[in-house]
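Chemist: sequence unavailable; structure follows:
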């Protein structure tokens, strides 16, 4: 963990190093992924089954690729009732927030008599990738599937690898609760290929979302354009702003909740109070002694964690915007003044009671958020990812007379004569009609 | 041009071939582009100037990379007043529509007492790529820059190559009218690199937009993640639906307006009227005899053009959704019933007077639209491309008591103990407080 202080002369350089310290080379897997995509595109289910046998150690035939209703039912029956209830609290709240997020259509006639607007419509079919094994988070199934369902996508196809044939009951329960329409036991780049190009068993979708390993991320990159994709998630981060009234152990636990995700995660505390800074540093060390995932959390905190002492909230606001954190906690008696100042953050948690983990599970807003400083230009997953806009224009004779000549002039200036003629021919016809009248 | 008829037994196969007939291998330029990006990243302005000297045959020093206010002023003075007036009509209308498109923030407290919402904020800095030479369209400068300006981006940096030192006055006039804050005489992958990574002269931006050749498109692909990009535009298309009351020459001109863009463009007429179909086919041939860009338009119409005869509007609607065209013209006495049915299209033009070219220049909605069937999942350029959402959650003690336990249960089920502890420690503190009270 690094201690920084805006009052120190070397602060700018130290802060710049902190921003860059997780940049590194990602593994190059483009060639093997391109080969898998080409194979699935050419040979469909047969290639899908062959890769599944090889990578998941699970021989499978095309008729067994889809997980049956009976299997889903049986898996859900194995989930303890209190967990199903917790899943339902989460699903209900996520659904309600995303419903509130739905945008309205626009249609109006302007002063020139032009009929204008835009209309939102849902994608027909969405593909949801869910990782297998330890990276399979039921909460992520809800967070990825719910916005697509609320947006109105008719098909919601999910692919999840089942290494050695093992199903994750809570993942299947989350899929059922979220309204997933079909689930396939296939993973990796081959799953992305199947969703993008389609096979005899898996019909193609329009957009593929969901987290995955380097092969899945590269496969999404390569099918982009054929289908839409979500952003490629990088390592996660949190900035916690706390004042002297905040319990140091609470701050420590929030920093560690981020750090326990991944050794590349980054947790940063910003505070005006040097005493709080010391106490939080001690509390982190104390919690690391008992935390089950202390190896990961300790590695992250050691390599990428930081405590920054600032002179005032103005400094805090400008550091936050420079970091553009995925998560921002304002553990302050009154978070509103700083909340009003911050411009770049994926999600903000207001007040001392609002742990970031509330947002991971049951807050309602999405937990799929822009990582690695991309909150400068990107947003969290939402209904907007499963909707698209169609704009429209209507113009009668009067509107055409008012705005048509400018279109003709610009089309001619750009050397596009058919464009110009398509408007001037209509202007001529309108003039003839009005001469007759 | 192909004639198809939904009543013919081979229709499905012929239609499928039509949808695929522009798919092909794009040139692989990843290696040279990666080299250019690495050079600009490492050597900054010096590399930028070296590439400009080589590719644009224009020796330049770093202090001359930026086009000065005096040069812009002088260029604008050379634009005929009627063209400046037409540009102003276009800019005013584009600005008004994009202003109407601005979304509203959301904030509410739900039944559990949780404070929820999302806030839209603008990107700080946008980079606009503008091609040089014949592909430089002043209308595209307006269409790319205006939404960024309306969204509220503070910096709008534009890069345009000036081969042999030649500036395009109308492009500079459009940039000035659109509120571009800085213009650099640099193009190609090196311009994209400069905008993404920054150099001593060109500060980095958060998102790069605008059309370009294969090198520019590949450069955008490679910097994606570091900055945001817009979608990679493919060849353009129009579907025109016309009935017996529509002038065949008007239909022909609209089909050719699309075809004159590019030999890979695709123009499709859908009609119930076989007689109209014949007359439009004749009118296209007649116009091709005099059209200045007949070579391009004729190549496009010959290789990719089509006239499809349908039995009713239901058939028309389902063909349109399968094509998901960039542009859709409904040249019908009453376009509303079909307009209500269509789900996948980039932009729709309503009624016989509304040429697609109106939308290219002066309608108001953006002319940067999803091509090559991507309207299934993608939208045209808009203010949404220059805004991002920050969601937020606030929870007091009561809200925490209601929703916290479900978060603890799910975090434990996912094996994320620091997550669970960060919530349960707060629940314990809240319980202690209420015991005291």
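Modeler: Arrived safely. Predicted, not measured: the structure shown is a model, and the values here were computed from it.
Chemist: and the stretch 1-150 of chain A, which residues reach chain B?
Modeler: A:82-83, A:85-87, A:89-90, A:93, A:96-97, A:100-101, A:103, A:106, A:108, A:110, A:112, A:114-116, A:118, A:121, A:123-124, A:134, A:137-139 (Cβ under 8 Å from any Cβ of the partner chain). Where C-beta positions appear, they are placed from N, C-alpha and C, glycine not excepted.
Chemist: any of those buried? List them.
Modeler: The neighbour count (16 or more other Cβ atoms under 10 Å in any protein chain shown) marks A:83, A:86-87, A:89-90, A:93, A:96-97, A:100-101, A:106, A:112, A:114-116, A:118, A:121, A:123-124, A:137-139 as buried among the residues of the stretch 1-150 of chain A next to chain B.
Chemist: what about residue A:181, how many neighbours?
Modeler: The number of residues packed near residue A:181 is 15, by other Cβ atoms under 10 Å in any protein chain shown.
Chemist: could you check how far residue A:3 is from residue A:21?
Modeler: Taking Cβ to Cβ, to the nearest Å as the measure, residue A:3 falls 15 Å from residue A:21.
Chemist: kindly report the same for residue A:324.
Modeler: Distance from residue A:324 to residue A:21, by Cβ to Cβ: 15 Å.
Chemist: try residue A:193
Modeler: Where residue A:21 is concerned, residue A:193 sits at a distance of 35 Å (Cβ to Cβ).
Chemist: the two: which is more packed in?
Modeler: The neighbour count for residue A:193 versus residue A:21, taken as other Cβ under 10 Å, is higher for residue A:193 (28 against 14).
Chemist: let me see the contact set for the more buried one.
Modeler: A:36, A:37, A:39, A:40, A:41, A:48, A:219, A:223 (Cβ atoms under 8 Å, 6 or more residues apart in numbering or on different chains).
Chemist: can you flag which of the residues of the stretch 1-150 of chain A next to chain B belong to strands?
Modeler: Using DSSP state E, A:106, A:108, A:115, A:116, A:118, A:121 are the members of the residues of the stretch 1-150 of chain A next to chain B that sit in strands.
Chemist: which SS class is residue A:354?
Modeler: Secondary structure assignment for residue A:354 (DSSP: H, G, I helix; E, B strand; the rest coil): coil.
Chemist: flag every buried residue along the helix or strand containing residue A:75.
Modeler: Residue A:75 is part of helix A:69-77, with elements assigned from DSSP states H and E. Neighbour-count burial for helix A:69-77 flags A:72, A:75, A:76 (criterion: 16+ other Cβ under 10 Å).
Chemist: how close does the second one get to residue B:357?
Modeler: The gap separating residue A:75 from residue B:357 is 57 Å, by Cβ to Cβ.
Chemist: ends of stretch A:226-242, what's the gap?
Modeler: Taking Cα to Cα, to the nearest Å, stretch A:226-242 runs 46 Å from one end to the other.
Chemist: any idea of the mean pLDDT for that stretch?
Modeler: For stretch A:226-242, mean pLDDT is 90.
Chemist: also stretch A:142-157?
Modeler: 98.
Chemist: centre of the chain to it, how far?
Modeler: Computed by Cα atoms, centre = their mean, to the nearest Å, the chain-centroid distance of stretch A:142-157 equals 13 Å.
Chemist: tell me where the stretch 301-437 of chain A has strands.
Modeler: A:306-309, A:327-331, A:347-350, A:387-394 (DSSP state E, counting those that start in this stretch).
Chemist: the second one - contacts with which helices or strands?
Modeler: I take that to be strand A:327-331. Counting contacts by 3 or more Cβ pairs under 8 Å, 6 or more residues apart in numbering or on different chains; DSSP states H and E, strand A:327-331 packs against strand A:237-242, helix A:248-259, strand A:347-350, helix A:356-361.
Chemist: now it against strand B:387-394, angle please.
Modeler: Strand A:327-331 runs at 40 degrees relative to strand B:387-394, counting by axes from the mean of the first three to the mean of the last three Cα atoms, to 10 degrees.
Chemist: and strand A:327-331, which strands flank it?
Modeler: Looking at strand A:327-331 with DSSP bridges, its partner strands are strand A:237-242 (parallel), strand A:347-350 (parallel).
Chemist: centre of the chain to that strand, how far?
Modeler: Counting by Cα atoms, centre = their mean, strand A:327-331 comes out at 19 Å from the chain centroid.
Chemist: who touches that strand?
Modeler: Residues from elsewhere that reach strand A:327-331 (Cβ under 8 Å, 6+ apart): A:236-243, A:246, A:250-251, A:254, A:258, A:320, A:338-339, A:342, A:345-352, A:354-356, A:359, A:369.
Chemist: rerun at 6 Å
Modeler: The contact list for strand A:327-331, computed with Cβ atoms under 6 Å, 6 or more residues apart in numbering or on different chains, reads A:238-242, A:246, A:254, A:338, A:345, A:347-350, A:352, A:356.
Chemist: do the same with the longest one
Modeler: With Cβ under 6 Å, 6+ apart as the contact definition, strand A:387-394 has outside contacts at A:115-120, A:122, A:151, B:345, B:347-351, B:354, B:359, B:363, B:365, B:378-380.
Chemist: which among those residues end up buried?
Modeler: For the contacts of strand A:387-394, buried by 16+ other Cβ under 10 Å: A:115-120, A:122, A:151, B:345, B:347-351, B:354, B:359, B:363, B:365, B:378-380.
Chemist: okay, domains of chain A per the record?
Modeler: A:30-108+A:121-229, A:234-377, A:395-436 (automatic domain parsing).
Chemist: TSV please, covering those and showing distance to residue A:386.
Modeler: Output for the domains of chain A, formatted as TSV (distance: least, Cβ to Cβ, whole Å):
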stretch	distance to residue A:386
domain A:30-108+A:121-229	4
domain A:234-377	12
domain A:395-436	32
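Chemist: need the winner for burial among the ones you listed.
Modeler: Mean neighbour count (mean count of other Cβ atoms under 10 Å in any protein chain shown) peaks for domain A:234-377 among these, with a mean of 22.
Chemist: distance across it, terminal residue to terminal residue?
Modeler: Termini of domain A:234-377 sit 15 Å apart (Cα to Cα).
Chemist: next, the distance between the ends of stretch A:261-280.
Modeler: Start-to-end span of stretch A:261-280 (Cα to Cα) is 20 Å.
Chemist: just stretch A:185-203 next, same as before
Modeler: By Cα to Cα, the extent of stretch A:185-203 from end to end equals 15 Å.
Chemist: one step back: now the strands of the stretch 301-437 of chain A in CSV, with mean pLDDT?
Modeler: Formatted as CSV, the strands of the stretch 301-437 of chain A follow (pLDDT from 0 to 100):
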stretch, mean pLDDT
strand A:306-309, 98
strand A:327-331, 98
strand A:347-350, 98
strand A:387-394, 98
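Chemist: including distance to residue B:62, could those go into a markdown table?
Modeler: What follows is the strands of the stretch 301-437 of chain A, written out as a markdown table (distance: least, Cβ to Cβ, whole Å):
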| stretch | distance to residue B:62 |
| --- | --- |
| strand A:306-309 | 35 |
| strand A:327-331 | 38 |
| strand A:347-350 | 40 |
| strand A:387-394 | 41 |
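Chemist: which one of those strands lies closest to residue A:266?
Modeler: strand A:306-309 (7.8 Å; Cβ to Cβ).
Chemist: ok, the closest one: who's next to it in the sheet?
Modeler: Going by DSSP bridges, the partners of strand A:306-309 are strand A:2-5 (parallel), strand A:266-271 (parallel).
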